[in-house]
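# this is a predicted model, with the sequence first.
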Amino acid sequence: MRILQMTDFTKLNQPTGRTIYLDGREYLFFGGTSYLGLATNPEYTELFIEGLKRYGINNGTSRSNNVQQAIFDEAEQYAAQRFGFEYSLLLSSGYLAAQFVVKALSAEGELLYAPSCHPSLWKNQNPDVSGNFENWGKQTVDYINQASETSFVIISNSLDNMTPMRYDFSIFSRISKEKKVVLLLDDSHGIGVLYKDGLSLLPQDLPEGNIELIVVASLAKGLATDAGLILANKKRIEAFRRSNFYTGASPSSPAALHAFVYGEHIYRQQFDRLQANILHFANVSAGKCNLKSIPHFPVFSSQDTGLYTRLVEAGILVSSFPYPLPTDPLLNRIVINAHHKPEDLELLGRAMSIS
C-alpha cells in the first residue's frame, strides 16, 4: 500500500498519452478512454489547429442563428453516412445528447432501463437495475408482451465497457408486433473502436421488426471529439432539430469537428494499430491475472487486488477502483491504446507475472 498512499496522479499538468511523468519518474499509461490515441496524435493535432485557424476557438451562437459556419451541417451529414444512419445530430457533449433524447422519448412510453446504464441516460435518478443482462432481456420481453400498454422505450449501454461484456439485443425481436418500441443505445465506448467506421453492434446483435433504433454517443472517447452524437431516422432527427435542446444550445467546437471530418485517414491508421496492439497484448498476457476481455475491444479487466501496486512499482499505471459498488473488490482495468509500442505491451505482460 506504500505507493498507493504516496503517489497521487489526480493533479497532472500534462497530456495523458502513452506515458505520464510524476515526481521525476516516467510511467507507461494503460488507462483512460482515448483508445485510438487521437487525443495526442501529432497529425490529428495539426488538423485541429487548422480548424482553429479557419473557424476560431468556439462558436457561441445557437444552431437557429441566421449566421452559421458550414462545418456543423457538414459534420452531421458526414457522421450519418460514416456510421450507417439516415440522419444525425451533433450537440456539445455526449451527456447533453443522451439527456436530450431520454427526455424527448419519456413522453412516448414507459422507460425500461437495462442493468448498469450510464448516468447520462438516467431521466431523474438512478433506475437501480442490476443483475444479468440476458435474464433482464427475457423478463423485459415478457413484460412488454403481457402489458396492456403499447408504447415502450428500452434504454441501455451498447456494451459493458467496464467488465467488459458484449450485449445481444436480438432477443427484442420476440416483442409482439402490436407493440411500439424504441431502443435507445449509448455507444460512447464502442463507436469507431470495435469495428472500423462502425458501431460496436453487428446486424445480428440487433432486433428485427417493429423496433426503432436510436444511438447516442460521446465522441470524446475513441474519436477525440468533444461532441455528442445522435443517430436516427430522418423523421426522428427532424423532430429533434425543432427542440430547444438543439436550437438553443451552443454547438461543439468547430475546430474539433473539422478534425473529425477531415481526419478519417488518420483514424484508419490508428484503428489498425489499435487492433494490432489488442491482439498482441492478448497473446503476451494469456493466462495471467485472470484477465477478462472481448474481441476487438481494448479493455482487459482483472480482480487481482494486488495487480495495481505491482504494476505501479514496475512503472506502469492502470485504472483501479472498486466495482460495481464501493464495497466490492478492486477492479483493475488495463486499457490498450493505438500509441502503445510492442515493447510496452511486452513489458506490461512481464510485469503482470511478478509476484
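Thanks, I have the structure now. Residues are numbered from 1 along each chain as shown.
# and residue 269, what helix or strand is that in?
Residue 269 belongs to helix 264-284 when assigned by DSSP states H and E.
# report the buried residues of that helix.
The neighbour-count check on helix 264-284 (16 or more other Cβ atoms under 10 Å) flags 266, 267, 270, 271, 273, 274, 275, 277, 278, 280, 281, 282 as buried. Just so you know, the C-beta spots here come from the backbone N, C-alpha and C atoms, and that holds for glycine as well.
# ok, stretch 28-48 next?
Neighbour counts over stretch 28-48 (16+ other Cβ under 10 Å) mark 28-31, 33-39, 41, 44-45, 47-48 as buried.
# how far does it stretch from start to finish?
Using Cα to Cα, to the nearest Å, one end of stretch 28-48 lies 26 Å from the other.
# tell me the mean pLDDT over it?
The average pLDDT for stretch 28-48 rounds to 97.
# all helices for the stretch 151-300 of the chain, in order.
234-241, 244-247, 254-262, 264-284 (DSSP state H, counting those that start in this stretch).
# could those go into a markdown table alongside mean pLDDT?
Output for the helices of the stretch 151-300 of the chain, formatted as a markdown table (pLDDT from 0 to 100):
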| stretch | mean pLDDT |
| --- | --- |
| helix 234-241 | 96 |
| helix 244-247 | 84 |
| helix 254-262 | 97 |
| helix 264-284 | 98 |
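# residue 33 contacts residue 193, doesn't it?
No. Under the criterion of Cβ atoms under 8 Å, residue 33 is not in contact with residue 193, lying 9.5 Å apart.
# any shared contact partners between those two?
Common neighbours of residue 33 and residue 193 (criterion: Cβ atoms under 8 Å, 6 or more residues apart in numbering): 221, 222.
# how much space separates residue 228 from residue 89?
9 Å (Cβ to Cβ, to the nearest Å).
# give the intersection of the neighbour lists for those two.
Jointly contacting residue 228 and residue 89 under the rule Cβ under 8 Å, 6+ apart are residue 97.
# check which element follows the helix or strand bottoming out on mean pLDDT in the chain along the chain.
Of the helices and strands making up the chain, the lowest-confidence element is helix 2-6, at a mean of 45, by mean pLDDT, DSSP states H and E. From helix 2-6 onward toward the C-terminus, using DSSP H and E, the following helix or strand is strand 19-22.
# show me what the following helix or strand past that following strand pairs with in its sheet, parallel or antiparallel.
Using DSSP H and E, the helix or strand that follows strand 19-22 towards the C-terminus is strand 25-30. Neighbouring strands of strand 25-30 in its sheet, by DSSP bridges, are strand 19-22 (antiparallel), strand 316-322 (parallel).
# list the buried residues of stretch 188-203.
Buried residues in stretch 188-203, counting neighbours by 16+ other Cβ under 10 Å, are found at 188, 189, 190, 191, 192, 193, 194, 198, 199, 200, 201.
# low-confidence ranges, this structure, go.
For the chain, applying pLDDT under 70 flags the ranges 1-6, 66, 324-325, 355.
# make it 80
Along the chain, segments meeting pLDDT under 80 span 1-7, 60, 62, 64-67, 322-330, 354-355.
# now do the strands in it.
Assigned by DSSP state E, the chain shows strands spanning 19-22, 25-30, 87-91, 110-113, 151-157, 159-160, 165-166, 180-186, 211-218, 228-232, 299-302, 316-322, 330-335.
# deepest of those, which one?
The highest mean neighbour count among the strands of the chain, using mean count of other Cβ atoms under 10 Å, belongs to strand 228-232: a mean of 26.
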